[in-house]
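1. Generate a structure from the sequence data that follows.
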Amino acid sequence: MKFKDMEYSRADCDELKEKYGQLTKQAKKATDGERLIQIVLKHETLYKRFATMSTLAEVRNSINTEDSFYKGEKEYYDEMVPVLQEELQEFLKALVESPHRPALEERFGELLFTNIEMELKTFRPEIIPLLQEENKLTSKYQELIASAQIDFDGKVLNLSQLAAYKENPDRQTRHKAYLAESEFFMANQAELDRIFDELVKKRTDIARALGFSNFTELGYLRMTRNCYDPAMVKNFRGQIISDIVPLVGKLKEMQAERIGVDKLKVYDDLFGYREGNPKPEGTPEEILAAGKRMYEEMSPETKEFINFMFDNELFDVITKKGKAAGGYCTEFADYKAPFIFANFNGTSGDVDVLTHEAGHAFAFYTSRDFELAETTNPTYESCEVHSMSMEFIAWKWLHLFYGEDAKRAKFMHLESALVFLPYGTMVDEFQHIVYDNPDLTPQQRCEAWLTLEKKYRPYMDFDDVDFYRLGRGWQRQLHIYMYPFYYIDYCLAQTVALFFWSLTQKDFQDAWRRYMAFTTQGGKKTFVELCGVARIKTPFEEGCVKGITDTAGDWLKR
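-> The predicted structure is shown next:
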């Protein structure tokens, strides 16, 4: 079914609460495993319907944050989801405590119940008001960012549209674009500080109400870290500092020479070539058409997938007033359909987001017939492997987007993947600092960010761009506000994606088979187990990062 024809009706959360109460009673009284399995399948029907309606509301709200109807619907779910979660948790608790649990594990897999046990630790009824407040605060942040109306170049631009000017070949234009971005954020600094300060306090209160010493412990459970812990993540960050940061420093020296400046400033950071960054050719519609051809040629599986996406108009990629920033992929469970949201702005990011989000969408498509929605997707870092690896697999077809400029596009893509790793791990360490020390003032948080900048990006010179110079650059990273502790998932996934990239350079078909082995498991295995299925190292293993650094560094030099 086409996205525009998907009918929305508000999920009645009071009715759902009642039905889940009945299912919980039935689960507790189940006399055998088969009866319990049938109860789980009833839950699945309820869950998918609710997820579909709430996701439709969220997507249509993000397409137009000024639409009062869907804004109201999103506010409704922000209020009701924590309330519904109470009944859902009671149901899940009945399943994991059932004497017939072995029958469920045999049918649906043991990992599902490991994950449920982790989820049960993240909720109690008494935290519902706090969860509702947390939801409201993240919505306020998203609305604030979407509200940007910046006068620039004779136009009124949002932040996504302004981003294209941050890559302009004219250095003065880039500088002005960064200053315009800075002016917006600095004008809203008090509100940005207030929202985040309240988020930290609310999340800390939630964690303590659940018996944790701080939100960091709860954050790891929320992210379903079922095969690694903070110590392993810290070790990974150490590898980035020792192996990637020096390489990035050299790459930045090369960049300065390429673009003809003595010293890079922050407004040079995204500008890779004196003649201008490679840009995709054509209109957004032509870029989408190139993507369609690419996936039709890539494999029989991707051909079927991309035709499904186009036939059902499961894209919204044109930037417009009132549209939320960023890009994402989600799914409508009842329709077994993924959906891609983006903000094309005429830069290489249009191709990156198309291939990235299509990687997510393709992974969902390959597992959309799984019996349980809960086993369709793995944990987040594995989901990001799907998308980030797809960006590199797409290299064979970059000429469809860039024409004769495909080689430079490949260079910048690989270079940016390496440059991203120190930034991404810096975001992660910042969140550990913030939530391990929840009483920090807004000013102390900014000072902590500046200290991390020197550690992870010592080459960065912020010049007179106050937003970055004063340590506020983290406030444009929506994950810090909306999805705490998510960002390290991108870093772990980027490391695995670079491994897949190195495989494509030797034997594309072998790389594709191993990518499919990783992807088609859905959420039935942990991240570490999925790496094993694909026969690749995990990022936590000593030497993994250095091996990737050496391979990528050699390619860039050549």
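
2. and stretch 147-158, how far apart are its ends?
-> Its first and final residues considered, stretch 147-158 spans 8 Å by CA to CA, to the nearest Å.

3. sorry, that was for stretch 450-469
-> Using CA to CA, the span of stretch 450-469 from its first residue to its last is 8 Å.

4. repeat for stretch 526-546
-> Stretch 526-546 stretches 24 Å from its first residue to its last (CA to CA).

5. Now that stretch: average pLDDT?
-> Here the mean pLDDT over stretch 526-546 is 94, rounded to a whole number.

6. Residues in contact with that stretch: which ones?
-> Outside of stretch 526-546, the residues within contact range by CB atoms under 8 Å, 6 or more residues apart in numbering are 111, 226-228, 232, 235-236, 239-240, 243-244, 378-379, 381-382, 385, 491-492, 495-496, 499-500, 514-515, 517-518, 521, 525, 547. For the C-beta atoms, the positions are set from N, CA and C on the backbone; glycine is no exception.

7. Quick one, which of those are buried?
-> By neighbour count, with 16 or more other CB atoms under 10 Å, those hold 111, 226-228, 232, 236, 239-240, 243-244, 378-379, 381-382, 385, 491-492, 495-496, 499-500, 514-515, 518, 521, 525 as buried.

8. can you give me the helices for the stretch 101-250 of the chain?
-> Listed in chain order, the helices found in the stretch 101-250 of the chain under DSSP state H, counting those that start in this stretch are 101-108, 110-120, 128-146, 159-163, 171-187, 189-209, 215-222, 230-239, 245-259.

9. May I see the ones you listed organised as a markdown table, with mean pLDDT added?
-> What follows is the helices of the stretch 101-250 of the chain, written out as a markdown table (pLDDT from 0 to 100):
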| stretch | mean pLDDT |
| --- | --- |
| helix 101-108 | 95 |
| helix 110-120 | 95 |
| helix 128-146 | 94 |
| helix 159-163 | 91 |
| helix 171-187 | 97 |
| helix 189-209 | 98 |
| helix 215-222 | 97 |
| helix 230-239 | 96 |
| helix 245-259 | 95 |
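
10. Including distance to Pro438, could the ones you listed go into TSV?
-> What follows is the helices of the stretch 101-250 of the chain, written out as TSV (distance: least, CB to CB, whole Å):
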stretch	distance to Pro438
helix 101-108	37
helix 110-120	22
helix 128-146	14
helix 159-163	28
helix 171-187	23
helix 189-209	4
helix 215-222	7
helix 230-239	16
helix 245-259	28
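
11. Relative to Glu15, tell me which of those wins on proximity.
-> Ranking those by distance to Glu15, with CB to CB as the measure, places helix 128-146 first at 18.1 Å.

12. Any idea how far the closest one is from the middle of the chain?
-> Relative to its parent chain, helix 128-146 has a centroid offset of 18 Å by CA atoms, centre = their mean, to the nearest Å.

13. Okay, angle between it and helix 189-209 too, please.
-> Orientation of helix 128-146 against helix 189-209 (axes from the mean of the first three to the mean of the last three CA atoms, to 10 degrees) gives an angle of 150 degrees.

14. now for helix 128-146, which elements pack on it?
-> When contacts are defined as 3 or more CB pairs under 8 Å, 6 or more residues apart in numbering; DSSP states H and E, helix 128-146 sits against helix 68-96, helix 189-209, helix 478-482.

15. need the ones you listed in TSV with mean neighbour count and distance to Asp510, can you?
-> Shown next, in TSV, are those (neighbours: other CB atoms under 10 Å; distance: least, CB to CB, whole Å):
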stretch	mean neighbour count	distance to Asp510
helix 68-96	18	40
helix 189-209	18	44
helix 478-482	19	33
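
16. Can you lay out those as CSV showing distance to Thr425?
-> Converted to CSV, the helices and strands packed on helix 128-146 look like this (distance: least, CB to CB, whole Å):
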stretch, distance to Thr425
helix 68-96, 31
helix 189-209, 20
helix 478-482, 13
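
17. Ok, which of the ones you listed comes nearest Leu251?
-> Each of the helices and strands packed on helix 128-146 was scored for nearness to Leu251 using CB to CB, and the closest is helix 478-482 (24.2 Å).

18. next helix or strand past the closest one?
-> Counting by DSSP states H and E, the next helix or strand C-terminal to helix 478-482 is helix 487-506.

19. on contacts alone, who are the packing partners of that next one?
-> On a contact count with 3+ CB pairs under 8 Å, 6+ apart, helix 487-506 meets helix 230-239, helix 380-393, helix 406-436, helix 508-519, helix 544-557.

20. what about Glu286, neighbour count?
-> As a burial measure, Glu286 scores 13 neighbours (other CB atoms under 10 Å).

21. Which helix or strand contains it?
-> When elements are assigned from DSSP H and E, Glu286 belongs to helix 284-298.

22. got the CA coordinates for that helix in CSV?
-> In CSV, the C-alpha atoms belonging to helix 284-298 read as follows (Å, rounded to 0.1, in the frame of the first residue of the first chain):
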residue,chain,number,x,y,z
PRO,A,284,16.2,14.9,-6.2
GLU,A,285,14.0,12.8,-8.5
GLU,A,286,17.0,11.9,-10.7
ILE,A,287,19.0,10.9,-7.6
LEU,A,288,16.2,8.6,-6.5
ALA,A,289,16.0,7.2,-10.0
ALA,A,290,19.8,6.5,-9.9
GLY,A,291,19.3,4.8,-6.6
LYS,A,292,16.6,2.6,-8.1
ARG,A,293,18.8,1.5,-10.9
MET,A,294,21.7,0.8,-8.5
TYR,A,295,19.6,-1.5,-6.3
GLU,A,296,18.1,-3.2,-9.3
GLU,A,297,21.6,-4.1,-10.5
MET,A,298,23.1,-4.9,-7.1
